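Novice: this one's sequence-less:
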Ligand SMILES: C[C@@](CO)(OP(=O)(O)O)[C@H](O)COP(=O)(O)OP(=O)(O)OC[C@H]1O[C@@H](n2ccc(N)nc2=O)[C@H](O)[C@@H]1O
Ligand SMILES: Nc1ncnc2c1ncn2[C@@H]1O[C@H](COP(=O)(O)OP(=O)(O)O)[C@@H](O)[C@H]1O
């Protein structure tokens, strides 16, 4: 028995860090939304009691370091599943890019194995299990658009943002999320207006969404990798209505509403950047599979 599960990437329309917690994690407030750029996770039921993982991407681990492997292992241990699974990941989401590719593969594995192993768990239960794998996994279990708090695992559902194009450009570098958080200086930082972004989304106000994008991790990654700032400048010059780095980076996204402007930015960035995509946001939460 086989199941194909879609694992979409996310962008952070807004990302604020409030303080460093005693457990070493940072208390965050983020507006996250899934986009139409997805890995495909194929799950095949195995009669042997084993987890096999396969990905043809050289940057993706083929063993227990893979977040999808960890998702399967957690479910197996917690619910004493005696069957195994072959997990094959067809990677489209750039790796270590600030787009939560690994987290989304793990979330897709949780959703898929819930069906394949007939566990009967709710999305809330899967999201809670996901939070043990990584801070972004809970959001990826639900998808859609959400306000995320805590270390990222406390999710409040939001409606779809206004319709627009998202152009993504990833330079040929990977960024370590842990290093970016470690280098973050919490003193005197300019915090984005998360409440205004929530309002803008609820009011379907495109202009206000554009005015309220913000990410406090940007300064850290821009200092480490000046090419990220150059990509931001290029996107602005080609006419994006708003430009921001996603998560800990290095992917930069621009948003526009008109097709012609989307084509101009997409074509302008190709050749300058390693990977460029023009996609839609997936909008509101709905059953991903
Ligand atoms: C920055 C964000 C924004 O969505 O995404 P990415 O850029 O990774 O996509 C997330 O906060 C990343 O989430 P995720 O990548 O799941 O992080 P985790 O695996 O849980 O943690 C990696 C490391 O980042 C740091 N970390 C993570 C989350 C958080 N709220 N505070 C932290 O300090 C910790 O040092 C942790 O060891
Ligand atoms: N399924 C997976 N896909 C991609 N990377 C993975 C996966 N599982 C584990 N990883 C590891 O997680 C790291 C971060 O990957 P990723 O989730 O793509 O980035 P980000 O945390 O920036 O969103 C990678 O460098 C890789 O070693």
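Specialist: Perfect, I can see it now. Values in this document were obtained by computation on a predicted structure and should not be read as measured data. Ligands and ions are numbered 1, 2, ... in the order given.

Novice: show me how far the lengthiest strand in the chain is from its chain's centre.
Specialist: The longest strand of the chain (DSSP state E) is strand 26-46. Offset of strand 26-46 from its chain centre (C-alpha atoms, centre = their mean, to the nearest Å): 6 Å.

Novice: which strands or helices does that strand pack on?
Specialist: Applying 3 or more C-beta pairs under 8 Å, 6 or more residues apart in numbering; DSSP states H and E, we find strand 26-46 packed against strand 2-20, strand 84-90, helix 101-116, strand 145-149, strand 165-170, helix 194-202, strand 275-280. Heads up, the C-betas are built off the backbone N, CA and C, glycines and all.

Novice: pick the most deeply packed of the ones you listed.
Specialist: helix 101-116 (a mean of 27; mean count of other C-beta atoms under 10 Å).

Novice: related to what we said a few turns ago, next secondary structure after the longest strand of the chain?
Specialist: strand 51-55 (DSSP states H and E).

Novice: near ligand 1, which residues of the stretch 101-250 of the chain?
Specialist: 103, 134-136, 151-152, 177-178, 181, 247-248 (C-beta under 6 Å from any ligand atom).

Novice: turn the helices and strands packed on strand 26-46 into a markdown table, including distance to residue 130.
Specialist: Shown next, in a markdown table, are the helices and strands packed on strand 26-46 (distance: least, C-beta to C-beta, whole Å):
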| stretch | distance to residue 130 |
| --- | --- |
| strand 2-20 | 12 |
| strand 84-90 | 15 |
| helix 101-116 | 6 |
| strand 145-149 | 12 |
| strand 165-170 | 24 |
| helix 194-202 | 22 |
| strand 275-280 | 23 |
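
Novice: those: which one's closest to residue 239?
Specialist: strand 165-170 (10.4 Å; C-beta to C-beta).

Novice: okay, angle between the closest one and strand 275-280 too, please.
Specialist: 160 degrees (axes from the mean of the first three to the mean of the last three C-alpha atoms, to 10 degrees).

Novice: leaving out sequence neighbours, find the closest residue to the residue of the stretch 101-250 of the chain found nearest ligand 2.
Specialist: In the stretch 101-250 of the chain, the residue that lies nearest ligand 2 is residue 102 (2.8 Å; C-beta to the nearest ligand atom). Excluding its sequence neighbours, the residue lying closest to residue 102 (C-beta to C-beta, 6 or more residues apart in numbering) is residue 67, at 4.2 Å.

Novice: so what's that neighbour up against?
Specialist: Contact analysis of residue 67 by C-beta atoms under 8 Å, 6 or more residues apart in numbering lists 102-103, 105-106, 133-134, 137.

Novice: cool, and residue 33?
Specialist: Contacts of residue 33 by C-beta under 8 Å, 6+ apart are 10-11, 13, 144-146, 161, 281-283.

Novice: what separates it from residue 87, distance-wise?
Specialist: Residue 33 is 26 Å from residue 87, where distance means C-beta to C-beta, to the nearest Å.

Novice: swap in residue 107?
Specialist: Residue 107 is 13 Å from residue 87, by C-beta to C-beta.

Novice: flag the shaky bits of this structure, pLDDT-wise.
Specialist: 287-289 (pLDDT under 70).

Novice: domain ranges for it?
Specialist: With domains defined by automatic domain parsing, the chain comprises 2-158, 165-280.

Novice: tell me which of the ones you listed sits most buried.
Specialist: The most buried one of the domains of the chain (mean count of other C-beta under 10 Å) is domain 2-158, showing a mean of 20.

Novice: report the distance from that domain to the chain centre.
Specialist: Mean-position distance between domain 2-158 and its chain equals 10 Å (C-alpha atoms, centre = their mean).

Novice: got the end-to-end distance for that domain?
Specialist: 32 Å (C-alpha to C-alpha, to the nearest Å).

Novice: list the residues that contact residue 247.
Specialist: 10-12, 15, 98-100, 136, 177, 215, 217.

Novice: if we can go back for a sec, now do the residue of the stretch 101-250 of the chain closest to ligand 2 against residue 91, distance only.
Specialist: Taking C-beta to C-beta, one finds residue 102 at 10 Å from residue 91.
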